[in-house]
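Visitor: sharing a model prediction with you, sequence too.
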There are 2 protein chains.
Amino acid sequence: MGIGHAREHTPADNRTGGPDRGQESARLDGAAVERAGQRLASRIWRTPVVRCEPLDARSGARLWLKAENLQVGGSFKVRGALLAVEHLASHGSRGVIAQSTGNHAIAVALAARRYGLPAVLVLPGDAPPAKVQRIREAGAEVVTTGTLLADRVAVVAELRELHGYDAIDPYQNPHVIAGQGTATAELLEQTAQQGVGLDAVVVPVGGGSAIAGACLATEGRGVSVVGAEPEAVPALTTALRVGQPVTVPVEYTIADGLRPDRIGALPFALAHRAVAAVETASEEAIADAMRAAFLQARLVIEPAAATALAIALEHASRHGVDVGVLLSGGNVEPSLAASLL
Amino acid sequence: MGIGHAREHTPADNRTGGPDRGQESARLDGAAVERAGQRLASRIWRTPVVRCEPLDARSGARLWLKAENLQVGGSFKVRGALLAVEHLASHGSRGVIAQSTGNHAIAVALAARRYGLPAVLVLPGDAPPAKVQRIREAGAEVVTTGTLLADRVAVVAELRELHGYDAIDPYQNPHVIAGQGTATAELLEQTAQQGVGLDAVVVPVGGGSAIAGACLATEGRGVSVVGAEPEAVPALTTALRVGQPVTVPVEYTIADGLRPDRIGALPFALAHRAVAAVETASEEAIADAMRAAFLQARLVIEPAAATALAIALEHASRHGVDVGVLLSGGNVEPSLAASLL
C-alpha cells in the first residue's frame, strides 16, 4: 500500500519512506518547526516578504507575500529536503529517491548534491521541462512515469528496492513537513518584526506538505490557515468533506505543482483539525494571479503559488486585515509565462 | 538653453527646473542622502536585497541585488519624486511637470497624487505603453513628443509657462538626486546588517540620477561605483572621454529607461570625480540578463535594470567579491517580456 492508497492518516502510515530512517527523530509540533528553522538558518535564504499596493487594493486586505519563489532551488521545498537528506546522510544512507511533481525533486536533488548522495527522482510524464532540467543540472537522475500519484509511488517502491536507496516522501516525511513549516514560521516572524500580527495565511495545497507545515507553525497563535486548491484537483476539499483522504478524478490544471490527486495522510491529519478554510481557484483566476504577480508585484511565480495568490485576491478580506500568502515557488515554464503575458 | 544643451555642469545649470522652488534647500552630499532616507522611510518600501546562487556562479562574485523593481510605482524613482514634490507642495506649487522616459514620470504622477497636485508628464513617442498607462492610472496627464531628450525639454519649457507649473528635472533636481541616492544607501545598510561590506555597486546610467545618487551615497566608504550603459547610448562613457556632457547619436536600445542621449550636467559633475568605471552592454547581453533575472532570480526587471545586471554578470569579479546591483525598476512591457521568454 503506497501513500496514494493510504486508508489511515497517521505518521506511521508512510510506506514510501523506506525503513523509517527519515522519521524516528522528529515529533511534529510547533517546536519541531522552530528547531527546523534554527537548523536551516545558515543554509537557505531568508526570503523577503513583499508588499504590493495594487494587489492590496484588489484584495481589500494587506497582503504579505512570502517570496519563496526567491528561495534556493526556486521553491520552499528545499527547506524540508535539506533536513530530510541531512538526517539520512548522517544515518549512513547510500542514496535517496523521491517522487514529486517537480519542486520536491529539485530540492532533494540539490540537498543530495550537498550531502554527497546519489539521487533518483520520479516525476510525472507531464512535468514542466524546466523543472526536469533543474533536477538534471543538480546532478540527479530523472525517471518519468504516468501522471497519477499512484504511478509515481509504484515506481519509487520498485526503484528503492533496486538501488537500496531511502525514499523521501514529499507529504509524509516528518522532517519534510517540519521544514516546509519554517516558511510560514519565518513569515510570521518577519511580519511580527514589523509590528504586524497576521490574521491568516493562505497556502497552496498539492500533496499537503505546505499546509501541514503551516498548521504546525501557526499552532496556538490565532492565525487562520487557509488552503488554496485548483478547482480542477480539489483533493483537500474533497477529503475534508468525506472525512479522509481520497483520490479525486484528475482534471487538467496549469498548476503543475498542485496536481497530486490525493492529499497525503499526515497532512490530512494535521489540516483536518487546524485549517480554517479551503478555497478553490478556477484556471482563469490562477492565470490571472500569475499575470498580476508578474506585472504588479514584479515577481515570477509558478502557477501553484499563483493559486494561493488567486485565493488571497478573491477571499483575503473575509479572513482578516493582514493576510500572509505563501508564494511557494517560481519554477515556471518560460513558454507558459510567455503565453500568459 | 535646456538641459539637453547644457554646457556647464553645476547644480545652477538647471533650466528646466522652474523658478528654483525645487532646489534651494538641498546641499548635495552623503548627509543629504541620509536625511532623504529618513524622510522617505515610512513612505516607501524597504525593498529586499536578493541573492541568487546561479547568478553568483555566472558572475564569479557574490551579487547583492537591490530589488527596486519591487518599489512603489515599480522603480526607485519614487524616492526622488516624493521628496521633490513634497518640497514643491509645501512651497505653494500649483502643479508639477516633468519629462521622462517613463519611470520618473510614473513616480512624479504618484507623488503628485499623494500631495494633491495636478501633474503633466512629457514622454517620448516610443515610451512603453505600460508606462504610459501607469501614469494615467495615477491620474496625471501624459503628453508625448519626439524621441530625443531635447524634444521633451522643449515641450516642458512651453507647458511650464502655459500652466504655471513647476518642473521636476529627472537629472538635475537635487531632491531627486538625493532621493535616488537612498536606494544605494539602503543597499549598503542592508548588506552591512548581514556583515558584508560591498566592494562595488553597479548602477544603470540613463540621464544620470541613479549614478549621481550612488556617488553621494558611497562618499568616503571605499565602495566603487560602476556605471552600466547600453552600447547603443554611451552617454556617460562619451562624456567622460571628452570631459563634459555631450549629446550622443541615438541608436535603438531595448533599455527604454536608458535612452536619454545626454547625461545630465549635475550627474556628470558628480560621476566625473567619483565613478570607478563605466561599462557598456550589448543588446544581446541586456536581453540575456533580463531572461536570467526572470528564470534564475525569479524577478521581473525592465531592460534598464537588466543593463546593470548584464554588466555585473560580465564584469563584477573585476570589481570585487561582494558587488551590489541596483535593479532599478520592473516596469516592463508584457509583450517584450513574452518575446524574451
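Guide: Good, I have the coordinates.
Visitor: nearest residue to A:Gly37 other than its sequence neighbours?
Guide: A:Thr182 (4.3 Å; Cβ to Cβ, 6 or more residues apart in numbering or on different chains). (Glycine included, C-beta is placed from N, CA and C.)
Visitor: ok, the one you found - contacts?
Guide: By Cβ atoms under 8 Å, 6 or more residues apart in numbering or on different chains, the contact set of A:Thr182 is A:Val33, A:Ala36, A:Gly37, A:Leu40, A:Arg79, A:Gly213, A:Ala217.
Visitor: pretty sure the fourth one contacts A:Ala84?
Guide: No: counting by Cβ atoms under 8 Å, A:Leu40 does not reach A:Ala84; the two are 11.7 Å apart.
Visitor: common neighbours of these two, please.
Guide: The contact sets of A:Leu40 and A:Ala84 overlap at A:Gly179 (Cβ under 8 Å, 6+ apart).
Visitor: one step back: can you tell me the SS state at the residue nearest to A:Gly37?
Guide: The assignment at A:Thr182 comes out as helix when based on DSSP: H, G, I helix; E, B strand; the rest coil.
Visitor: what residues does chain A have near chain B?
Guide: A:45, A:48, A:50-53, A:67, A:69-70, A:72, A:74, A:130, A:294-295, A:297-301, A:330, A:334-335, A:337-339, A:341 (Cβ under 8 Å from any Cβ of the partner chain).
Visitor: buried ones only from those residues, please, as a ChimeraX command.
Guide: Of these, the buried ones can be selected in ChimeraX as follows, counting by 16 or more other Cβ atoms under 10 Å in any protein chain shown:
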select /A:45,48,50,51,52,67,69,70,72,74,130,294,295,297,298,299,300,301,330,334,337,338,341
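Visitor: in helices, which of the residues of chain A next to chain B appear?
Guide: Those of the residues of chain A next to chain B mapping onto helices are A:Glu53, A:Ala130, A:Phe294, A:Leu295, A:Pro334, A:Ser335, A:Ala337, A:Ala338, A:Ser339, per DSSP state H.
Visitor: what is the nearest of those residues to A:Val122?
Guide: Nearest to A:Val122, judged by Cβ to Cβ, of those is A:Ala130 at 17.7 Å.
Visitor: hmm, A:Gly330 and the closest one touching each other?
Guide: No: checked against Cβ under 8 Å, the pair A:Ala130 and A:Gly330 is beyond contact range at 10.4 Å.
Visitor: just for chain A, where's the confidence low?
Guide: Along chain A, segments meeting pLDDT under 70 span A:1-26.
Visitor: and the helices in it, which stretches?
Guide: According to DSSP H, the helices that chain A contains are A:30-40, A:53-59, A:77-89, A:103-114, A:129-137, A:149-163, A:174-193, A:209-217, A:235-242, A:265-274, A:283-295, A:303-319, A:334-340.
Visitor: contacts for the first one, please.
Guide: Outside helix A:30-40, the residues within contact range by Cβ under 8 Å, 6+ apart are A:26, A:79, A:82-83, A:86, A:174-175, A:178-179, A:181-182, A:184-186, A:213, A:216-217, A:219-220.
Visitor: and the angle from that helix to helix A:77-89?
Guide: Put simply, helix A:30-40 runs at 90 degrees to helix A:77-89, going by axes from the mean of the first three to the mean of the last three Cα atoms, to 10 degrees.
Visitor: so what's the residue nearest to the spatial centre of chain A closest to, chain neighbours aside?
Guide: Centroid-nearest residue in chain A, with Cα atoms, centre = their mean: A:Ala210, separated by 4.2 Å. Closest residue to A:Ala210 apart from its sequence neighbours, by Cβ to Cβ, 6+ apart: A:Val203 at 4.6 Å.
Visitor: also A:Phe294?
Guide: Of all residues not flanking A:Phe294 in the chain, B:Val300 sits nearest, at 5.4 Å (Cβ to Cβ, 6+ apart).
Visitor: surely the one you found touches A:Ala292?
Guide: No: B:Val300 lies out of contact with A:Ala292 (Cβ under 8 Å); the separation is 11.5 Å.
Visitor: how about the residue of the stretch 51-200 of chain A found nearest chain B, what does it touch?
Guide: Nearest residue of the stretch 51-200 of chain A to chain B (Cβ to the nearest Cβ) works out as A:Asn69 at 4.4 Å. Contacts for A:Asn69 were tallied using Cβ under 8 Å, 6+ apart; they are A:Ser75, A:Leu299, A:Val300, A:Ile301, A:Glu302, A:Ala305, A:Leu327, A:Ser328, A:Gly329, A:Gly330, B:Arg298.
Visitor: switch those residues over to a markdown table; also include distance to A:Ile311.
Guide: Formatted as a markdown table, these follow (distance: Cβ to Cβ, whole Å):
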| residue | distance to A:Ile311 |
| --- | --- |
| A:Ser75 | 18 |
| A:Leu299 | 17 |
| A:Val300 | 19 |
| A:Ile301 | 13 |
| A:Glu302 | 15 |
| A:Ala305 | 11 |
| A:Leu327 | 12 |
| A:Ser328 | 13 |
| A:Gly329 | 16 |
| A:Gly330 | 18 |
| B:Arg298 | 20 |
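Visitor: just the ones of these in strands?
Guide: Of the positions in the contacts of A:Asn69, A:Leu327 sit in strands, assigned by DSSP state E.
Visitor: tell me the one of the contacts of A:Asn69 nearest A:Ala276?
Guide: Once Cβ to Cβ is applied, the member of those that ends up nearest A:Ala276 is A:Ser328, at 18.7 Å.
Visitor: can I assume A:Glu314 is in contact with A:Ala285?
Guide: Yes: contact criterion Cβ under 8 Å: A:Glu314 and A:Ala285 qualify, at 6.7 Å.
Visitor: can you give the domain ranges for chain A?
Guide: A:30-76+A:174-340, A:77-167 (automatic domain parsing).
Visitor: save those as TSV, and put in distance to B:Thr144 too.
Guide: Formatted as TSV, those follow (distance: least, Cβ to Cβ, whole Å):
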stretch	distance to B:Thr144
domain A:30-76+A:174-340	22
domain A:77-167	38
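Visitor: which of these sits closest to B:Val248?
Guide: Taking Cβ to Cβ, domain A:30-76+A:174-340 is the member of those nearest to B:Val248, at 29.9 Å.
Visitor: returning to what we had before: please list all residues in contact with the residue nearest to the centre of chain A.
Guide: Taking Cβ under 8 Å, 6+ apart, one finds A:Phe76, A:Gln180, A:Ala183, A:Val203, A:Pro204, A:Leu326, A:Ser328 in contact with A:Ala210.
Visitor: against chain B, how distant is the fourth one?
Guide: Between A:Val203 and chain B the distance, using Cβ to the nearest Cβ, to the nearest Å, works out to 18 Å.
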